[in-house]
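Peer 1: Please find the sequence and the predicted model below.
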Amino acid sequence: MYHHKSYDLHENWYNQHYPTRESKIDYYRNNKLKGKLTISHWLQQLFFECLDPLLESGSHHWLTVGDAYGYDAQYIISKGGSVLATDLNTDFLSIAREEEIITQCAAENAEKLSFPNDQFDFVLCKESYHHFPRPYAALYEMMRVAKKGIVIMEPQDPISKMPLLLFLVNLLPTGSLFVNKLWKNRFSFEPVGNFVYKVSEREFEKFAAGLNLPLVAFKKINPNFYFKGAENMAAQPGNSKFRSIRLKKQILDFLVKCKIIPGQVLSAVIFKQIPEAVVIRELEENGYHIVAIPENPFI
């Protein structure tokens, strides 16, 4: 079946680029900060800072899904949390454990996690959900093994946030050449074999309402400025490339704040139980907006 082929391609992807144990070790050692903040690290921090309201509210037990290199888990550890890093295989993650980037790892398929219900306080799926051939199967599995909630960080689907584009799509004939040019990423696929499944606030609201969950929180960020070589370039004001990226980000942040365009990435927190008031306050201070889901009156 198609989804089996997709997972097979993903499982072997990193070994195609880093086929030997030595090449994987070199990857980690060459990507250490070496005493300076790189542009790549600066961009990743934009993602990780979205976790701070949850990490600073107490020491929790986390699961990371699709954490190929273990860097998601590394950030959680740096904030005092305990975490199990998982990916389709542990070829890279086992090296990360040896390099003391993470403390524990396991091979897991997001569609059929091997853990009992409510095993972890939170589950993090960062930049991996769009790779899943059956993302909703994974979404329900992540929610099953979480006790407090899950965090999804993924490219945002622009259509629901751009009424004019939606109007034109509905007005013009299906498959119109003009529509395809206007909405270039309507059907986008990556070399590793997946359709890029972008997310929206509305679909997570519906997911929460369907399961009678109490609360969702959303934050829009603009971190998609990665380029080859960003790992070795310092994020310093004297660097013209970094200045250009920071300026572009500031412009996008302003346009998102004015609700003119959607954010590049949506950080969504779906709670299984209502968090403490201090967590809600810290989420709001971090830039999240909170959506309370009404209870189903018929259950």
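Peer 2: Sure, I can see it.
Peer 1: Every contact and neighbour count from this point should use C-alpha atoms.
Peer 2: Noted.
Peer 1: now the strands for the stretch 101-250 of the chain?
Peer 2: Using DSSP state E, counting those that start in this stretch, the strands of the stretch 101-250 of the chain run over 105-107, 120-126, 146-155, 215-221.
Peer 1: what separates the closest residue to residue 83 other than its chain neighbours from residue 73, distance-wise?
Peer 2: Among residues not flanking residue 83 along the chain, residue 62 sits closest, at 4.5 Å (C-alpha to C-alpha, 6 or more residues apart in numbering). Distance of residue 62 to residue 73, computed by C-alpha to C-alpha, to the nearest Å: 8 Å.
Peer 1: quick one: which of those two has more around it?
Peer 2: More crowded of residue 62 and residue 73, by other C-alpha atoms under 10 Å: residue 73, with 26 against 23.
Peer 1: Now do the more buried one against residue 55, distance only.
Peer 2: 12 Å.
Peer 1: again, but for residue 149
Peer 2: According to C-alpha to C-alpha, residue 149 stands 13 Å off from residue 55.
Peer 1: Let's have the strands of the stretch 101-250 of the chain in TSV, adding mean neighbour count, distance to residue 89 and mean pLDDT.
Peer 2: Formatted as TSV, these follow (neighbours: other C-alpha atoms under 10 Å; distance: least, C-alpha to C-alpha, whole Å; pLDDT from 0 to 100):
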stretch	mean neighbour count	distance to residue 89	mean pLDDT
strand 105-107	19	5	98
strand 120-126	23	16	98
strand 146-155	23	21	97
strand 215-221	22	29	98
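Peer 1: check contacts around residue 38.
Peer 2: Shown in contact with residue 38 (C-alpha atoms under 8 Å, 6 or more residues apart in numbering): 230-235.
Peer 1: among those residues, who's most crowded?
Peer 2: Going by other C-alpha under 10 Å, residue 235 tops these with 23 neighbours.
Peer 1: so where is the stretch 1-150 of the chain shaky, pLDDT-wise?
Peer 2: 1-2, 32-36 (pLDDT under 70).
Peer 1: All the helices of it, residue numbers only.
Peer 2: Applying DSSP state H, counting those that start in this stretch to the stretch 1-150 of the chain gives helices spanning 2-17, 21-30, 39-48, 52-55, 71-78, 91-98, 135-145.
Peer 1: and residue 226, which of these is closest to it?
Peer 2: helix 39-48 (6.6 Å; C-alpha to C-alpha).
Peer 1: and stretch 193-213, what's its mean pLDDT?
Peer 2: Stretch 193-213 shows a mean pLDDT of 93.
Peer 1: can you dump the C-alpha coordinates of that stretch into CSV?
Peer 2: Once non-C-alpha atoms are left out, stretch 193-213 reads as follows in CSV (Å, rounded to 0.1, in the frame of the first residue of the first chain):
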residue,chain,number,x,y,z
GLY,A,193,8.1,10.7,-1.0
ASN,A,194,5.5,12.6,1.0
PHE,A,195,2.7,15.1,0.2
VAL,A,196,3.4,18.2,2.2
TYR,A,197,0.4,18.1,4.6
LYS,A,198,-0.1,21.7,5.8
VAL,A,199,-2.3,22.4,8.9
SER,A,200,-4.9,24.9,9.9
GLU,A,201,-6.3,26.1,13.2
ARG,A,202,-9.8,25.1,12.1
GLU,A,203,-8.9,21.4,11.7
PHE,A,204,-7.4,21.2,15.2
GLU,A,205,-10.4,22.9,16.6
LYS,A,206,-12.6,20.2,15.0
PHE,A,207,-10.3,17.5,16.2
ALA,A,208,-10.6,18.7,19.7
ALA,A,209,-14.3,19.2,19.5
GLY,A,210,-14.8,15.7,18.2
LEU,A,211,-12.9,14.2,21.2
ASN,A,212,-14.6,16.6,23.6
LEU,A,213,-11.2,18.1,24.6
